[in-house]
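J.: Following is a predicted model, sequence given first.
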Amino acid sequence: MLKIRLQRVGKRGQAFFRLVVKEHTERAKGEYLELLGSYDPHKNKVNAKVDRVKHWLSKGAQMSPTVNNLLVARNLVEGDKIKIKLKPSKKVVEEPAAPKAPVKVEAGEPQPEEVKVEAVEEKPVEEKPIEEKVESKEEKSEELAKG
């Protein structure tokens with residue numbers, strides 16, 4: 001299946017993208033069938049051959065979600081924007097615990113007791129020696145010959 005996608009070029013920190021048509025199974029930095037334009041994210045400028053983009057779309061090529069959103073936002077191609085699925089972050093974000101509200105105690109009422117936690121000592125487990133059966137090379141070869 002053919003895809004219209006972005007191909008990154010330029011130095012580190014100076015990204016520049018080509019708008020290309022290529023087979024979806026090909027690696028991102030490789031040969032392409034046709035150069036359809038370019039995108040400069042620093043200047044936020046898109047140069048695209050709209051007639052060639054429409055030609056490839058009529059031939060059955062599909063746009064990547066990023067290219068689709070880029071061209072639709074600039075009214076170069078008609079359609080709806082696609083929500084891009086981002087990979088979930090690997091870090092597990094824990095929600096902060098809600099602060100405990102102070103307990104109001106009126107005069108004359110017993111105050112709530114605090115829970116006391118005592119440390120319990122663990123008794124060491126006695127380790128029993130493991131007895132291993134040691135076989136000689138002759139016994140192993142005899143077992144292999146029988147089995």
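T.: The structure has been received and is ready for your questions.
J.: And residue 76, how close does it get to residue 46?
T.: Per Cβ to Cβ, to the nearest Å, residue 76 is found 7 Å from residue 46. Quick note: C-beta positions are derived from backbone N, CA and C, even for glycine.
J.: next one: residue 38
T.: 8 Å.
J.: Where does the prediction get shaky in this protein?
T.: 92-120, 125-141, 147 (pLDDT under 70).
J.: And the strands in it?
T.: 2-9, 16-23, 34-40, 45-48, 62-63 (DSSP state E).
J.: Tell me which of these sits nearest to residue 145.
T.: strand 16-23 (58.2 Å; Cβ to Cβ).
J.: can I get the CA coordinates of the closest one in PDB?
T.: This file holds the C-alpha atoms of strand 16-23, laid out as PDB (Å, rounded to 0.1, in the frame of the first residue of the first chain):
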ATOM      1  CA  PHE A  16      13.200  19.700   7.700                       C
ATOM      2  CA  PHE A  17      10.700  17.300   6.100                       C
ATOM      3  CA  ARG A  18      10.000  16.100   2.600                       C
ATOM      4  CA  LEU A  19       6.500  15.100   1.600                       C
ATOM      5  CA  VAL A  20       7.000  11.900  -0.300                       C
ATOM      6  CA  VAL A  21       5.100   8.900  -1.700                       C
ATOM      7  CA  LYS A  22       6.500   5.500  -0.800                       C
ATOM      8  CA  GLU A  23       5.500   1.900   0.000                       C
END
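J.: Great, nothing more from me.
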